[in-house]
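output the structure for:
(one chain, ligands or ions: 2)
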Amino acid sequence: MLEQLLPELFKNQNDIFHRQRRRALVNEMNSLEDKKLSCAQCVGNCCTFTSNSMRVTPLEAVEILLFLQKERRLNQDLINQLETNVLEFRLDKETLFGIKKNYTCPFYLGKCKGCSISRWSKPYGCLAFNATEENVLEGKSCQSNQSLLEKRDNEFKQLEDSMNSYIKKVFHLPWEKESIPIALLELIKKGELRPPLD
Ligand code: SF4
Ligand code: SF4
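Ligands and ions are numbered 1, 2, ... in the order given. A predicted model of the protein is given here:
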């Protein structure tokens with residue numbers, strides 16, 4: 001479905017499916033885990049409304065949708081879950097002074113279970129946020145590796161700027177970044193990716 005809507009994006013399959021754009025962040029995460037700096041015992045506060053305000057670009061939203069499409073999870077249950085999430089955290093309402101709203105990510109699986117999106121498809125900001133201590137339970141000292149994020153952004157800026165502009169044009173998106181549920185719902189609705197009702 002997404003392939004038909006965004007043919008330019010899929011013309012060079014290496015660009016859209018290229019793991020290279022996430023490799024440095026995933027490698028860093030793996031190396032932290034080798035040093036026992038892992039999320040295994042943590043309640044996952046970084047994905048809940050206590051700390052999460054993740055915003056994604058159109059490209060990151062397409063990549064999440066592609067993953068869900070491949071996993072056969074792009075269905076009415078997902079749409080219901082995203083809509084509930086938007087309502088619960090009022091993500092469709094204007095924020096005062098551009099302050100980002102916190103929300104519990106719809107892909108958070110609950111205590112110690114983590115995230116249901118593959119490392120190779122999830123937002124860069126999620127990959128860069130990691131534990132800085134062993135045996136973390138609540139993640140109070142976790143941090144985002146800003147220098148690695150910036151390095152990645154600069155490396156792929158030209159390619160990603162053009163991919164984001166193209167997606168924005170096809171879907172008539174007025175935003176550069178949005179919360180995960182708003183971004184996914186807008187692409188699903190504008191792209192008529194809504195599956196037929198049973
Ligand atoms: S995509 Fe995954 S890691 Fe990122 S906020 Fe959502 S649950 Fe957390
Ligand atoms: S250890 Fe930190 S990065 Fe990992 S799930 Fe907990 S709060 Fe998030």
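
all helices of this structure, in order?
Chain-ordered helices for the chain, with DSSP state H as the definition, fall at 2-5, 7-11, 13-17, 20-34, 58-70, 76-88, 124-128, 146-171, 180-190.

what's in contact with the second one?
Put plainly, it is helix 7-11. By CB atoms under 8 Å, 6 or more residues apart in numbering, the list of residues contacting helix 7-11 from outside reads 2, 3, 15, 16, 62, 163, 166, 167. Where you see a C-beta, it was placed from the backbone N, CA and C, and this is true even at glycine.

now flag whichever of these is closest to ligand 2.
Distance to ligand 2 across the contacts of helix 7-11 (CB to the nearest ligand atom) is lowest for residue 62, with 24.5 Å.

nearest residue to the closest one other than its sequence neighbours?
Nearest residue to residue 62, sequence neighbours excluded (CB to CB, 6 or more residues apart in numbering): residue 167, at 5.9 Å.

how close does that neighbour get to residue 81?
For residue 167, the distance to residue 81 (CB to CB, to the nearest Å) stands at 23 Å.

what do you get for residue 98?
27 Å.

kindly report the same for residue 33.
Here the distance between residue 33 and residue 81 works out to 29 Å (CB to CB).

equivalent analysis for residue 187, please.
Distance of residue 187 to residue 81, computed by CB to CB: 15 Å.

contacts only, for the residue nearest in space to the middle of the chain.
Against the mean C-alpha coordinate of the chain, by CA atoms, centre = their mean, the closest residue is residue 123 at 3.4 Å. By CB under 8 Å, 6+ apart, residue 123 lies in contact with 54, 56, 60, 64, 180.

show the backbone phi and psi for it.
phi -60, psi 150 (degrees, to the nearest 10).

for the protein, what lies in contact range of ligand 1?
Residues of the chain lying close to ligand 1 (CB under 6 Å from any ligand atom) are 47, 52, 54, 105, 107, 108, 115, 117, 122, 123, 126.

residues near the fourth one, how many?
This points to residue 105. 23 (other CB atoms under 10 Å).

check the first one too.
Other residues within reach of residue 47 by the criterion other CB under 10 Å amount to 25.
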